[in-house]
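Novice: Here is a sequence together with a model predicted from it:
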Amino acid sequence: MTLATKRALTAYLFLALPLVFFLCVRLGPMVYMLVMSFTNWGLLRKTVKFIGFENYIILFNDPVFLQALGNTFRYAVFGAPIVIILSLLIALLLDSIPKGKGLFRLIYVLPYITPVVAVSWVWRWMYQPPPLGIINGILGILGLPAGEFLNSPTQALPSILAVNV
């Protein structure tokens, strides 16, 4: 066996474990769920019957699903570029600060290293109606009306995008 063959074999052996992991943990369940979506599977149902595209027909006729799909599309198409551009502008601004740069970077990065659930609860608390919500409290001090950040169809998506910046 040549040295090149040994190196190639070693590389394939190192790649085998992540590939097996990906196939078993990621791809396997996805394929299984795709197959199960064409059946009438239920947790308490003893028999499973193939029903074709019936589940998908029901799904795409559901107005709540269509609204959620539209919100997801708007978030992905409009929200992601806005978040990227604003994040870049904030990074450029933080880079231009001569003193206290480390402190501002820490304040900005802290939510990314804090568990997501804790950060979600803090933002939920900040968006609460008065007198609990910090943002609405500040708006009240400034003489502005309180916002319905997470309860308003027009304000919910921008409020969630603001958290991601």
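Specialist: Thanks, I have the structure now.

Novice: Okay, helices next: where are they in this protein?
Specialist: With DSSP state H, the ranges of helices along the chain come out as 3-21, 28-36, 54-60, 63-74, 80-96, 101-113, 116-127, 134-141, 156-164.

Novice: out of those helices, nearest to Val48?
Specialist: helix 28-36 (7.9 Å; Cβ to Cβ). In this view, the C-beta of every residue, glycine as well, is placed from N, C-alpha and C.

Novice: can you pull the pLDDT of the nearest residue to Gln128 once chain neighbours are set aside?
Specialist: With sequence-adjacent residues excluded and distances taken as Cβ to Cβ, 6 or more residues apart in numbering, Gln128 is closest to Asn136, at 7.0 Å. Looking at Asn136, its pLDDT reads 86.

Novice: didn't Asn136 look like it was pressed against Pro130?
Specialist: Yes - with contacts defined as Cβ atoms under 8 Å, Asn136 counts as touching Pro130 at a distance of 4.7 Å.

Novice: Among the two, which residue is more densely surrounded?
Specialist: Taking neighbours as other Cβ atoms under 10 Å, Asn136 and Pro130 compare with Asn136 leading, 21 against 12.

Novice: so how far is Leu3 from Thr10?
Specialist: Distance check for Thr10 against Leu3: by Cβ to Cβ, to the nearest Å, it reads 10 Å.

Novice: quick one, which of those two is more surrounded?
Specialist: Thr10 (10 against 7).

Novice: measure that one to Ala4 for me?
Specialist: 11 Å.

Novice: Alpha carbons of stretch 124-136, as PDB, please.
Specialist: The C-alpha trace of stretch 124-136 is given here as PDB (Å, rounded to 0.1, in the frame of the first residue of the first chain):
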ATOM      1  CA  ARG A 124     -40.400  39.500  27.000                       C
ATOM      2  CA  TRP A 125     -40.200  41.500  30.300                       C
ATOM      3  CA  MET A 126     -39.000  44.500  28.400                       C
ATOM      4  CA  TYR A 127     -41.900  44.400  26.000                       C
ATOM      5  CA  GLN A 128     -44.500  44.000  28.700                       C
ATOM      6  CA  PRO A 129     -47.300  46.600  28.900                       C
ATOM      7  CA  PRO A 130     -47.000  49.300  31.600                       C
ATOM      8  CA  PRO A 131     -46.100  49.300  34.500                       C
ATOM      9  CA  LEU A 132     -43.900  46.200  34.100                       C
ATOM     10  CA  GLY A 133     -42.300  46.800  30.700                       C
ATOM     11  CA  ILE A 134     -39.200  48.900  30.600                       C
ATOM     12  CA  ILE A 135     -39.700  50.100  27.000                       C
ATOM     13  CA  ASN A 136     -43.300  51.100  27.600                       C
END
